[in-house]
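Novice: requesting a structural model of the entry that follows:
(one chain, ligands or ions: 1)
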Amino acid sequence: MHADILPAIRSPSDLAADMNAAERERIRAKAALFAPPPAQLADGRRDLVGLSREELVAELDAIGEKPFRAKQLWHWIYHQGATDFARMSSIARPLQEKLAERFVIGRPETATAQTSSDDTRKWLFRFRDGQEAETVYIPDRREDRGAVCISSQVGCTLSCTFCHTGTQRLVRNLGAAEIVGQFMAARDSYGEWPSPKGETPRLLSTIVLMGMGEPLYNYDNVAKAMRIVMDGEGIALSRRRITLSTSGVVPMMDRCGEELGINLAVSLHAVRNDLRDEIVPLNRKYPIEAVLDACRRYPSASNARRITFEYIMLRGVNDSEAEARELVRLIRGLPAKVNLIPFNPWPGSSFKPSTKEQLAKFAAIVMDAGFASPIRMPRGRDILAACGQLKTASERLSAGAKS
Ligand code: SF4
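Specialist: Have a look, this model is predicted:
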């Protein structure tokens, strides 16, 4: 047989890449079923927040305005934090009025804001269609900075058994405007505008995509929002200050690393597949070995930017010394640190937090193996703002949506 008509022999890595591509398409198609509503008001005005630079140029072109106007608007929206066109002093009054007739610069509505006795702040943000999601600011106790924990979905499909959010069905994905809008509204509440430049300290200094939802199941919107946040002429937050936390959506981990280069955190929580299948059900699709392989491929991981493994400490479930040793064996060779998270009980959960002694023993084994293993003190517990406690009353309204 002539070589040209022999079927092409594909290498295992090509086959894996094909499978990943097919899987990514499936994830994308599913994300589309839960798409957010258009960022438009009932009166027809469009929200400019959440548009990419190119989309902003196109919107302005459609009303006969030159591309440099997009640059000006970007500066006002994302550097100055303006929400009113009348504040934009570099734009003449007639154009301000023209813009206000067609556009808005939106923010999610603050349904509630609570501050914990430890200064952690939690907002319940309401979006235009009435859906709600929670955002948490966790200030650093020693320095003037802190992390904003942002939600990527209303509800979650993944049903991790220790997680309160997981008991809330997925309602829908959040749009780019709603994701970046959580950070902007949080900054409004601390008055942190204009965006601090360069090394100037920031109160809201890091973003962790660890709120409600699995960000890699809403990758396109999350990626668009993070590109806006990282843009040097606006909010200008460095990719080093953004961490995306995933339960291990393997095909999208590769994409996130290649395209965004932000830090990665992986919700591991168990070292055996049978247990992880139970407490992080996504493990049945992407088992521990596949998740760790994706971590080894993650492009921006280095000793300076280590992958964080989140490990929730559940008494008598995953907290034995043997499990600590297995954890160390699994992650050996990876630039990694392990965040040990004391379980935060929530109404109806059957798990119990590990004892202090067990936590300390587990941490010591991980640390002796050369991995930082901080025990994350629960923050905002009194306002149910701690890890795995977020949940809103939003119900799924869209009849076409399926989980
Ligand atoms: S831990 Fe994260 S992925 Fe799992 S159910 Fe909770 S919000 Fe969803």
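Novice: the ligand contacts on this structure?
Specialist: Remark: the part of the chain in contact with the ligand comprises 156, 158-160, 163, 165-166, 212-214, 247, 267, 388, using C-beta under 6 Å from any ligand atom. Heads up, the C-betas are built off the backbone N, CA and C, glycines and all.
Novice: could you rerun that using 8 Å?
Specialist: Within the chain, the positions near the ligand by C-beta under 8 Å from any ligand atom are 153, 156-160, 162-166, 210-214, 245-247, 267, 280, 282, 388, 390.
Novice: now the nearest residue to Ala236 once chain neighbours are set aside: how far from Leu51?
Specialist: When the adjacent residues along the chain are set aside, Ala236 lies closest to Ser195, with 5.7 Å between them (C-beta to C-beta, 6 or more residues apart in numbering). Taking C-beta to C-beta, to the nearest Å as the measure, Ser195 falls 18 Å from Leu51.
Novice: out of the residues of the chain next to the ligand, which are inside strands?
Specialist: Gln153, Ser245, Thr246, Ser267 (DSSP state E).
Novice: what residues are up against the second one?
Specialist: What that stands for is Ser245. When the contact criterion is C-beta atoms under 8 Å, 6 or more residues apart in numbering, the partners of Ser245 are Val208, Leu209, Met210, Pro215, Ala265, Val266, Ser267, Thr308, Glu310.
Novice: give me that answer again for 6 Å
Specialist: When contacts are counted by C-beta atoms under 6 Å, 6 or more residues apart in numbering, Ser245 touches Leu209, Met210, Ala265.
Novice: among those, who's most crowded?
Specialist: Across the contacts of Ser245, neighbour numbers were computed from other C-beta atoms under 10 Å; Leu209 holds the maximum, 27 neighbours.
Novice: I figured that one was touching Ile242, is that so?
Specialist: No - applying C-beta atoms under 6 Å as the test, Leu209 and Ile242 come out as separate, 7.5 Å apart.
Novice: circling back: with the ones in strands among the residues of the chain next to the ligand in mind, which one is nearest to Arg142?
Specialist: Sorting those by distance to Arg142 puts Ser245 at the head of the list, at 23.2 Å, by C-beta to C-beta.
Novice: selection in ChimeraX covering whichever of the ones in strands among the residues of the chain next to the ligand are buried, please.
Specialist: The buried residues among those can be selected in ChimeraX (16 or more other C-beta atoms under 10 Å) with this line:
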select :153,245,246,267
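Novice: ok, so of the ones in strands among the residues of the chain next to the ligand, who is nearest the ligand?
Specialist: Relative to the ligand, the closest of those is Ser267; by C-beta to the nearest ligand atom it sits at 5.8 Å.
Novice: surely the closest one touches Ser247?
Specialist: Yes - using C-beta under 6 Å, Ser267 makes contact with Ser247 at a distance of 4.8 Å.
Novice: quick check: mean pLDDT of stretch 65-81?
Specialist: Stretch 65-81 shows an average pLDDT of 97 in the prediction.
Novice: with stretch 135-148 instead?
Specialist: Here the mean pLDDT over stretch 135-148 is 89, rounded to a whole number.
Novice: how far does it stretch from start to finish?
Specialist: With C-alpha to C-alpha, to the nearest Å as the measure, the first residue of stretch 135-148 is 7 Å from its last.
Novice: buried ones in it?
Specialist: In stretch 135-148, the ones that count as buried by 16+ other C-beta under 10 Å are Thr135, Val136, Tyr137, Ile138, Pro139, Gly146, Ala147, Val148.
Novice: repeat for stretch 318-325
Specialist: Asn318, Asp319, Glu323, Ala324, Arg325.
Novice: what helix or strand is the last one on?
Specialist: Spelled out, it's Arg325. helix 321-331 (DSSP states H and E).
Novice: output the contacting helices and strands for that helix.
Specialist: helix 356-368 (3 or more C-beta pairs under 6 Å, 6 or more residues apart in numbering; DSSP states H and E).
Novice: what is the helix it packs on packed up against?
Specialist: Helix 356-368 makes packing contacts with helix 321-331 when contacts are defined by 3+ C-beta pairs under 6 Å, 6+ apart.
Novice: could you point out which element follows the helix it packs on?
Specialist: Counting by DSSP H and E, the next helix or strand C-terminal to helix 321-331 is strand 336-342.
Novice: what angle separates that next one from helix 356-368?
Specialist: When axes from the mean of the first three to the mean of the last three C-alpha atoms, to 10 degrees is applied, the directions of strand 336-342 and helix 356-368 differ by 180 degrees.
Novice: next, the angle helix 321-331 makes with strand 336-342.
Specialist: Counting by the same axes, to 10 degrees, strand 336-342 points 150 degrees away from the direction of helix 321-331.
Novice: put the alpha carbons of strand 336-342 into PDB.
Specialist: Backbone C-alpha positions of strand 336-342 (Å, rounded to 0.1, in the frame of the first residue of the first chain) are rendered in PDB as follows:
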ATOM      1  CA  ALA A 336       3.600  23.700  45.400                       C
ATOM      2  CA  LYS A 337       2.200  24.800  48.700                       C
ATOM      3  CA  VAL A 338      -0.700  23.200  50.600                       C
ATOM      4  CA  ASN A 339      -3.400  25.300  52.200                       C
ATOM      5  CA  LEU A 340      -5.000  23.300  55.000                       C
ATOM      6  CA  ILE A 341      -8.500  24.600  55.500                       C
ATOM      7  CA  PRO A 342     -10.300  23.800  58.700                       C
END
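Novice: how about the strands in the stretch 201-350 of the chain?
Specialist: Per DSSP state E, counting those that start in this stretch, the stretch 201-350 of the chain has strands spanning 206-209, 242-246, 263-267, 307-313, 336-342. These are given in chain order.
Novice: kindly reformat those as CSV containing mean pLDDT.
Specialist: Supplementary listing: those in CSV, determined by pLDDT from 0 to 100:
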stretch, mean pLDDT
strand 206-209, 96
strand 242-246, 97
strand 263-267, 96
strand 307-313, 96
strand 336-342, 95
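Novice: got a markdown table for the ones you listed, with distance to Glu233 too?
Specialist: Rendered in a markdown table, the data for the strands of the stretch 201-350 of the chain read as follows (distance: least, C-beta to C-beta, whole Å):
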| stretch | distance to Glu233 |
| --- | --- |
| strand 206-209 | 18 |
| strand 242-246 | 17 |
| strand 263-267 | 23 |
| strand 307-313 | 29 |
| strand 336-342 | 33 |
